[in-house]
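Undergrad: 3D, please:
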Amino acid sequence: RFQAISQGVRSLASELETRSEATRQPLASQVDEAAGALRALQRMEAERLQLVAAHHAEQGRKLLAEDDDAVNASLNDVKRRL
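TA: Residues are numbered from 1 along each chain as shown. As a prediction, this is how the structure comes out:
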């Protein structure tokens, strides 16, 4: 699901950039800004996806380790970043 959304956002940003470069009309700066915002959103979503995967991995490690303080600290760090 994420990949499909990401690809749609990437296509939309690319199309906006292409139109902005081709036309350079009065709205070009807004189009550039929108494309940049979409790229930033995509980067943040990719980072969030990595954090969620790290959180799940840490949860699995925690289940396997009894009272390992290092694993607990790592899990807490990932939770804080999410």
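Undergrad: In this structure R39 contacts L12, no?
TA: No. Contact criterion CB atoms under 8 Å: R39 and L12 do not qualify, at 10.2 Å. Just so you know, the C-beta spots here come from the backbone N, C-alpha and C atoms, and that holds for glycine as well.
Undergrad: can you pull out the helices in this structure?
TA: For the chain, the helices defined by DSSP state H occupy 2-23, 28-64, 69-81.
Undergrad: Please spell out which residues along the second one are buried.
TA: Looking back up the chat, that one is helix 28-64. Within helix 28-64, the residues that count as buried by 16 or more other CB atoms under 10 Å are 31, 34-35, 38-39, 42, 54-55, 58.
Undergrad: Need the residues that contact stretch 51-66.
TA: Contact partners of stretch 51-66, identified using CB atoms under 8 Å, 6 or more residues apart in numbering, comprise 68, 71-72, 74-75, 78-79, 81-82.
Undergrad: would a markdown table of the helices of the chain with mean pLDDT be doable?
TA: A markdown table is the format used below for the helices of the chain (pLDDT from 0 to 100):
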| stretch | mean pLDDT |
| --- | --- |
| helix 2-23 | 74 |
| helix 28-64 | 84 |
| helix 69-81 | 77 |
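Undergrad: Quick one: buried ones out of the contacts of stretch 51-66?
TA: Judged by 16+ other CB under 10 Å, buried ones among the contacts of stretch 51-66: 71, 74-75, 78.
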